[in-house]
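> All I have is the shape, not the residue letters:
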């Protein structure tokens, strides 16, 4: 059974930083691409924030480029998202997700429960 567990969310003032972590079990972590998603309040659509493949190639949403950094530690089966210069519009529930394949694409199969990030102005 695959388990995906996020941690590290919280409340921070605008301009601050947070680091999210995601620990995965039940699959071969270094063989799959991983991603971070977020969903803002008020029913907005879930947005893909970033993805990292098995050879550490990354992509980012335009809204977070230059501020967020995705990374992975395969020895710990852990994914990270380091968020700098946070803005109130970064507020939302952040989800970690795993694909079944080594490359980044649209379909993610395994999802965590999410962790709340709140940025106040």
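Arrived safely, thanks for sending. Not measured: the values here are computed from a predicted model.
> can you pull up the bridge partners for the residue nearest the centre of the chain?
The residue lying closest to the centre of the chain (CA atoms, centre = their mean) is residue 36, at 2.4 Å. Legend: beta-bridge partners of residue 36 under DSSP bridges are residue 50, residue 96.
> show me what contacts it?
20, 22, 48-51, 70, 79, 81, 94-97 (CB atoms under 8 Å, 6 or more residues apart in numbering). (Each C-beta comes from the backbone N, C-alpha and C, glycine too.)
> May I see those residues organised as TSV, with neighbour count, distance to residue 61 and pLDDT added?
Compiled in TSV, the contacts of residue 36 are given as follows (neighbours: other CB atoms under 10 Å; distance: CB to CB, whole Å; pLDDT from 0 to 100):
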residue	neighbour count	distance to residue 61	pLDDT
20	24	15	98
22	25	17	98
48	17	6	97
49	23	5	98
50	22	7	98
51	23	10	98
70	21	11	98
79	27	16	98
81	27	12	98
94	24	12	98
95	23	14	98
96	28	15	98
97	23	14	98
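> Residue 114: which of the residues you listed is nearest?
residue 95 (4.8 Å; CB to CB).
> Residue 56: which element?
Element membership of residue 56, judged by DSSP states H and E, is empty: it is in no helix or strand.
> So what's the residue count around it?
By other CB atoms under 10 Å, 10 other residues sit near residue 56.
> Skip the chain neighbours and tell me the closest residue to it.
Excluding the flanking residues, the one nearest residue 56 by CB to CB, 6 or more residues apart in numbering is residue 72, at 7.1 Å.
> Please report the distance of that neighbour from residue 98.
11 Å (CB to CB, to the nearest Å).
> Quickly list what's touching both of those two.
Residues touching both residue 72 and residue 98 (CB under 8 Å, 6+ apart) are 29, 34.
> Report the buried residues of stretch 3-23.
4, 6, 8-9, 12, 18, 20-23 (16 or more other CB atoms under 10 Å).
> List phi and psi for the residue nearest to residue 56.
phi -140, psi 150 (degrees, to the nearest 10).
> The closest residue to residue 37 other than its chain neighbours and residue 89, how far apart?
Closest residue to residue 37 apart from its sequence neighbours, by CB to CB, 6+ apart: residue 95 at 4.5 Å. The gap separating residue 95 from residue 89 is 17 Å, by CB to CB.
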